[in-house]
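**Student:** Next one to model:
(one chain, ligands or ions: 1)
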Amino acid sequence: MSTQPTSAILPVTRFQAAEYLRMFVNRGAYLRQSHFADKESGRFYYYKVCDRKSKQPFSIDIPAIQSHLAGHITIGLYAINPKSQSAKWIAVDADYADARRDLLRLQQGFCEDGIDALMEQSRRGGHLWTFLAEPLSAKLCRLYVLNVARRLGIEVKRDRSDGIEVFPRQNELQPGEFGNAIRGPLGIHRASMQRYWFEDDEPTLEAQFELLRHVRRVTREHLEALTAGMEPIPDRTPPKPWVQVSAAGGHDQGFQILSHALNAKRSGRNYVARCPSCAQRGEDRRGAHLSISVAEPRMYHCWAGCTTEEIREALGHPIRRKQAA
Ligand SMILES: [Zn+2]
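**Tutor:** Purely as a prediction, here's the structure:
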């Protein structure tokens, strides 16, 4: 069935919002997609919904979900509950040229394992959703999906290469971490102002909820049986050469990585610290991935393969592209 995206604002009941919360919300903190494109990148970024003064994240509530489903705002949902390190769903995001073909192959691969997955449209490609009978560890979810992807020869996204992204994006979160979020289904994407639907039913909230209610959930026993003997697959990029970070543009001249609280230790010709980007994924707990040149502190490198962009983003200082004159 082919369901076209639609753009209308829809009426939503509190009951629907409560059901959505039970199905999709793993933790209180959530994101909202900006209603305006970023001036430099043209992208509609998601930002964490926080109290202005205390900077504490707000907890998602029924009115926020109603507003998302109606189409007034668009929320992003985190994949992991930090208390249990578990997820209620697995979502696979793909947005490159052959994305749809890869997602359909993955869906078929899941199907052969007795696992149902629903295809949701997105602006490019799609999101493939699998629902769990109870929250299951993020690690177990990733172990399964990354192994199926490897079996089918489907690329996992590395740096800027094309490939699928598996949510949860981390095996576990460290205290204070949030991991990655994905656009909450059934809302309106601010960039296209379109509402993307699950493809297996009619484009109405009633039909979509009915579909979501009845999709077969994966049980713990089933996923544990499928993953028995599977090897963990690192979802990381290979090491890359050192990068000169000051080359990107005027804004970067002032960026000094050592001025950030990295707890760097001197080791020969380098300082060694926990990579901020790895840390966001709960990795590099021993603080050994990031090397910073003592002689030239603007040169740094993550041995797990994080890009300069990812490291700068993690430090809250994203690299600004030079604006066209
Ligand atoms: Zn790193």
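
**Student:** residues contacting residue 131?
**Tutor:** Contacts for residue 131 (C-beta atoms under 8 Å, 6 or more residues apart in numbering) come out as 23, 88-89, 116, 212, 215, 217-218. To be clear about C-beta, it is placed using only N, CA and C from the backbone, and glycine gets the same treatment.

**Student:** from these, which single one is nearest residue 182?
**Tutor:** Proximity of the contacts of residue 131 to residue 182 (C-beta to C-beta) peaks at residue 89, which lies at 9.4 Å.

**Student:** Quick one: name whatever helix or strand follows the helix or strand hosting that closest one.
**Tutor:** In this structure, residue 89 sits in strand 86-94 according to DSSP states H and E. Elements were assigned by DSSP H and E; along the chain past strand 86-94, the next helix or strand is helix 99-112.

**Student:** Any chance you could list what contacts whichever helix or strand comes after that following helix?
**Tutor:** Following helix 99-112 in sequence order, the next helix or strand is strand 118-121 (DSSP H and E). In this structure, residues lying in contact with strand 118-121 by C-beta under 8 Å, 6+ apart are 3, 5, 103-104, 107, 126-130, 185, 196-200, 211-212, 215.

**Student:** Please apply the same query to stretch 259-271.
**Tutor:** Residues outside stretch 259-271 that contact it (C-beta under 8 Å, 6+ apart): 258, 272-274, 276, 287, 290-295, 297, 315.

**Student:** Sort out for me which of these are in strands.
**Tutor:** 272-273, 290-293 (DSSP state E).

**Student:** Read off the pLDDT value for residue 251.
**Tutor:** On pLDDT, residue 251 comes in at 44.

**Student:** hmm, I was thinking of residue 113
**Tutor:** Residue 113 is assigned 97 on the pLDDT scale.

**Student:** ok, and the closest non-adjacent residue to it?
**Tutor:** Closest residue to residue 113 apart from its sequence neighbours, by C-beta to C-beta, 6 or more residues apart in numbering: residue 226 at 5.5 Å.

**Student:** Determine the set of other helices and strands touching whichever strand or helix holds that neighbour.
**Tutor:** Here residue 226 sits within helix 220-227, counting by DSSP H and E. Judged by 3 or more C-beta pairs under 8 Å, 6 or more residues apart in numbering; DSSP states H and E, helix 220-227 is in contact with strand 126-137, helix 138-152.
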